[in-house]
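>>> I'll drop the sequence and a predicted model, then ask my questions.
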Amino acid sequence: MKPNLQSASKVRELAWLGTALSLLATGHLYAAEEKASFYGHWRTVAVLDTADIAGMSDAEARKLVGLCVDVEPEVFKFAGEECAAPTYEQTTREPVRYLREQWHARAGKLHLPNPVKVVDAGCTDLFMLNQSRMVFNWNGFFFESRRVEQSQCPALLRGR
């Protein structure tokens, strides 16, 4: 029996197409997992530093420690304010240069890894330390936050 080269070619094409679709789906799942890694509820635990220009006093910044941060797919919420439709675009940056150029701030007291994953939340940047800790800027102050369960963020800890 003579092999059907046309059928063998179709089988190879289908196998290649299946592999390509599988890789594409894996890439989308990976991207979703990456974003899911910072979605959730966080509580501010410390004021780490301030930028050269800040929109509030040290005393006002200290009052924000203990408040919850909600990082949700459609909105970023902190201190009674919302940043609607954040892109959550992720980049990897060298922290000293990035903080100086984008935030007019120093990196020393923030203890960021080098490089650091930076997530654009629209009205601020999230600097991911690991799965359970992040740093973010609010009105010129840099806050450390830790991931918590939603039950640990009652309405009174969500801000104004």
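Arrived safely, thanks for sending.

>>> now the residue most central in space within the chain, nearest residue through space, not along the chain?
Note on the chain: the residue nearest the mean C-alpha position is residue 119, at 4.0 Å, using Cα atoms, centre = their mean. Once flanking residues are discounted, residue 119 sits nearest to residue 126: 4.1 Å by Cβ to Cβ, 6 or more residues apart in numbering. To be clear about C-beta, it is placed using only N, CA and C from the backbone, and glycine gets the same treatment.

>>> that neighbour: how many residues sit nearby?
Residue 126: 23 surrounding residues under other Cβ atoms under 10 Å.

>>> in terms of contact, does it touch residue 116 like I think?
No - using Cβ atoms under 8 Å, residue 126 is not in contact with residue 116, being 10.1 Å away.

>>> what distance do you get for residue 131 to residue 39?
In this view, residue 131 and residue 39 are 11 Å apart by Cβ to Cβ, to the nearest Å.

>>> mind giving me the domain ranges of the protein?
Here the domain assignment for the chain is 1-36, 39-157, based on automatic domain parsing.

>>> which parts of this protein are helices?
With DSSP state H as the criterion, the chain has helices at 5-36, 58-63, 95-98.

>>> tell me the bridge partners for the residue nearest to residue 93 when sequence neighbours are not counted.
Leaving aside its sequence neighbours, residue 93 sits nearest to residue 118 (Cβ to Cβ, 6+ apart; 5.0 Å). Counting by DSSP bridges, residue 118 forms beta bridges with residue 91, residue 127.

>>> what's near enough to touch residue 118?
Residue 118 makes contact with 90-93, 98, 125-128, according to Cβ atoms under 8 Å, 6 or more residues apart in numbering.

>>> check residue 56 too.
With contacts defined as Cβ under 8 Å, 6+ apart, the neighbours of residue 56 are 139-141.

>>> next one: it from residue 87, what distance?
Residue 56 sits 26 Å away from residue 87, going by Cβ to Cβ.

>>> cool, residue 108 as well?
Distance from residue 108 to residue 87, counting by Cβ to Cβ: 29 Å.

>>> neighbour count winner among the two?
Counted by other Cβ under 10 Å, residue 108 and residue 87 do not tie: residue 108 has more neighbours, with 12 against 9.

>>> how many neighbouring residues does residue 41 have?
Using other Cβ under 10 Å, residue 41 has 20 other residues around it.

>>> over to residue 141?
Number of residues near residue 141 (other Cβ under 10 Å) recorded here: 24.

>>> surely it and residue 59 touch.
No - applying Cβ under 8 Å as the test, residue 141 and residue 59 come out as separate, 11.2 Å apart.

>>> understood, closing this out.
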